[in-house]
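[1] Give me coordinates for this.
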Amino acid sequence: MALTRLGDPYSQLKAGQDNFTDCSYLVQRVYRQFGINLPRTAAEQARFSVENDLTVSAVDMVPGDLVFWSYERNGRFMDITHVGIYAGDGKVVDASSTRGQVVYRNLFDWERQVMFGRPHFANGK
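    Numbers count the residues shown, from 1 in each chain. Coordinates of the predicted model:
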């Protein structure tokens, strides 16, 4: 499902309007299609994963898992600033602010990855 959003334009302010998205809205939208309601921000999606015991290690990731990054101290949960959907084979789909759109690319910034979630098990799926 995330791959169908490739090329959608990035905008935090317009996320949810037309095809505009940001990283957490992309995750929320994709998961909603599977009947899983996630919070709106990346930090709150991470908190949801932790509070519901839906975290995994990097080596155990499967397609659909979430990757969370922290690029700066921001006072949010674990200082999380970005989220992407793991696509398997070392790839991720994310709404990239620097590229201005939803992209499919190699996992990046390993040293900034702070946690991994598996909320697609939230409903026993």
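
[2] make it CA atoms for all contacts and neighbour counts henceforth
    OK.

[3] For the nearest residue to Ser57 once chain neighbours are set aside, name its beta-bridge partners.
    Residue nearest to Ser57 in three dimensions, not counting chain neighbours: Phe116, with 6.3 Å by C-alpha to C-alpha, 6 or more residues apart in numbering. Here Phe116 sits in beta bridges with Val56, Val67, going by DSSP bridges.

[4] Quick one, grab the pLDDT at Phe116.
    Per-residue pLDDT puts Phe116 at 98.

[5] so what's it up against?
    By C-alpha atoms under 8 Å, 6 or more residues apart in numbering, the residues touching Phe116 are 46, 55-58, 61, 65-68.

[6] Same question for Glu72.
    Neighbours of Glu72 in contact, by C-alpha under 8 Å, 6+ apart: 79-81.

[7] Name the member of those residues with the most neighbours.
    In terms of neighbours by other C-alpha atoms under 10 Å, the contacts of Glu72 top out with Ile80 at 26 neighbours.

[8] For that residue, which non-adjacent residue is spatially closest?
    Nearest residue to Ile80, sequence neighbours excluded (C-alpha to C-alpha, 6+ apart): Ser70, at 4.4 Å.

[9] wait, that neighbour sits on Glu111?
    No - at 9.2 Å, Ser70 does not count as touching Glu111 under the criterion of C-alpha atoms under 8 Å.

[10] in its sheet, what does the helix or strand hosting Ala95 sit against?
    Here Ala95 sits within strand 91-96, counting by DSSP states H and E. Sheet neighbours of strand 91-96, with direction, are listed as strand 82-88 (antiparallel), strand 101-106 (antiparallel) (DSSP bridges).

[11] what's the first one in contact with?
    Right, the one you point to is strand 82-88. 2, 23-24, 27, 42-43, 61-70, 92-95.

[12] Same check on stretch 28-46?
    Contacting residues not belonging to stretch 28-46 are listed as 1-2, 23-25, 48, 68, 76-83, 115-117, 119-120, 122-123 [C-alpha under 8 Å, 6+ apart].

[13] Buried residues in it, which are they?
    Judged by neighbour count using 16 or more other C-alpha atoms under 10 Å, the buried positions of stretch 28-46 are 28-31, 36-38, 41-46.
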